[in-house]
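Asks: need coordinates for the following:
(one chain, ligands or ions: 1)
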Amino acid sequence: LTPYASVEWADGLVRVLDQRRLPHEIVYRDLVDEGDVAAAIRDMMVRGAPLIGAVAAYGLALAARRSAAATPGELLADLDRAVGMLSAARPTAVNLTWALGRVLHRTGDPSIGGVEAIKWAALDEAQRIAREDVSVNLQLGHNALPLIPDDATVIHHCNTGGLATVGVGTALGIIRAAHENGKRLHVLVDETRPRLQGARLTAWELRELGIPHTVIVDGASGHFMRTKVVDLCVVGCDRVAANGDTANKIGTYNLALVASVHRVPFYVAAPTSTIDLAIPNGEAIPIEERPAREVTHVGEEWITPKGTLVANPAFDVTPAAYITAIITEAGIAYPPYDASLAALVKRGQAGVAR
Ligand code: MRU
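Replies: Numbering: from 1, shown residues only. Purely as a prediction, here's the structure:
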């Protein structure tokens, strides 16, 4: 499916591709316990909402495997402690708590007898989450095909491909599916300050896939929409509230506003695991604030005056009113989103693409 594995279970270890070193070096790291996994998520060695969820689930499997608990009760207490550590790693992507919740639900099943069986169940659930992500991505890409015209220019923000998921990706999975179905696309790749996921990761993935693309600075999207070369925007997301308000990488809201003014369709790709029906609207989505150094420095070089105040929200919320459609593995949601998203989540939970 992809020329690299973003994560895999390797003989009792979690092996991840260190995304901080891409595109220049391909380095895999072995994570041995839940502390390693939490640090890998926090430091963005791995990133992207679906991947964060899958890696966290494997972190819980590691915690189970390493636990010295003698009874199921002790083991479940160890797992609860690990969940506390893992869920604190990054706050915005709901996939993190969703995946941990799935493993806990499975291991907490009272019909599982004994410590070894619980350990096995933790790993088995993590493997399922990873496997399902692969089929969910493929189905999502397939569902989007009718929305993608031939001979189109697409703006994409951040990185939503094989590096952000276990499978082929969400928004980038859509672009890939369209390309593989013979549609001619040119992707304008937002560089995505400050971590440059677009310039470093999306450009790398598109090059590997042979999909034509051009990297642009984030601020250039308005120019390209005004000069009418853009047919659509497609982005991923970290959490979609029940009303369709969507948190995604900082800069997504600006892009959606410009798209709306220029009447360019703005699509969000969202596995149903990223839809949080417990949150009524975007106001309730926690927005991660990341270290100032990501803004004050480019690589090792300090670019701001010393002592400059910096704000570094990693995500923003795009109000549902600016989103043309939300594409999931269970189908496409259109406004009003309260009804359409709830119906798709139900279908997704019934296992449409598993
Ligand atoms: O900070 P990141 O790199 O984890 O942010 C990633 C994004 O914003 C993606 O668009 C989102 O997680 C969807 S990935 C399929």
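
Asks: quickly find the element holding Trp9.
Replies: strand 7-10 (DSSP states H and E).

Asks: ah, wrong one, I meant Arg131
Replies: Secondary structure assignment for Arg131, by DSSP H and E: helix 115-144.

Asks: the stretch 101-250 of the chain: helices as residue ranges?
Replies: For the stretch 101-250 of the chain, applying DSSP state H, counting those that start in this stretch gives helices covering 115-144, 171-180, 203-209, 221-226.

Asks: which parts of the last one are buried?
Replies: To tie it back to what came earlier, the one meant is helix 221-226. Neighbour counts over helix 221-226 (16 or more other C-beta atoms under 10 Å) mark Ser221, Gly222, Phe224, Met225 as buried. (C-beta placed from N, C-alpha, C; glycine too.)

Asks: ok, which pair from these is furthest apart?
Replies: Across the buried residues of helix 221-226, no pair lies farther apart than Gly222 and Phe224, at 7.5 Å, counting by C-beta to C-beta.

Asks: identify the residues contacting the closest residue to Thr214 other than its chain neighbours.
Replies: Nearest residue to Thr214 in three dimensions, chain neighbours excluded: Leu188, at 5.7 Å (C-beta to C-beta, 6 or more residues apart in numbering). The contact partners of Leu188, by C-beta atoms under 8 Å, 6 or more residues apart in numbering, come to Thr153, Val154, Ile155, His156, His213, Thr214, Ile216, Ala220, Ser221, Phe224, Val230.

Asks: how about the helix holding Arg131: buried residues?
Replies: Neighbour count says helix 115-144 has 115, 118-123, 125-126, 128-130, 132-134, 136-141, 143-144 buried, by 16+ other C-beta under 10 Å.

Asks: contact partners for Ala270?
Replies: Residues in contact with Ala270 (C-beta under 8 Å, 6+ apart) are Thr170, Gly236, Cys237, Val240, Thr246, Ile326, Ile327, Thr328.

Asks: residue farthest from the centroid of the protein?
Replies: For the chain, the residue at maximal distance from the C-alpha centroid (C-alpha atoms, centre = their mean) is Ala70, at 36.4 Å.

Asks: that residue reaches Gly114, doesn't it?
Replies: No. Using C-beta atoms under 8 Å, Ala70 is not in contact with Gly114, being 10.7 Å away.

Asks: neighbours around the closest residue to the ligand within the stretch 151-300 of the chain, how many?
Replies: Distances between the stretch 151-300 of the chain and the ligand by C-beta to the nearest ligand atom are smallest at Gly236, namely 2.9 Å. For Gly236, the neighbour count with other C-beta atoms under 10 Å is 30.

Asks: rewinding a little: I'd like the helices of the stretch 101-250 of the chain as TSV, with mean pLDDT appended.
Replies: As requested, the helices of the stretch 101-250 of the chain are exported to TSV (pLDDT from 0 to 100):
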stretch	mean pLDDT
helix 115-144	98
helix 171-180	98
helix 203-209	97
helix 221-226	96
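
Asks: can you redo those helices as a markdown table with distance to the ligand?
Replies: Output for the helices of the stretch 101-250 of the chain, formatted as a markdown table (distance: least, C-beta to the nearest ligand atom, whole Å):
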| stretch | distance to the ligand |
| --- | --- |
| helix 115-144 | 8 |
| helix 171-180 | 7 |
| helix 203-209 | 12 |
| helix 221-226 | 15 |
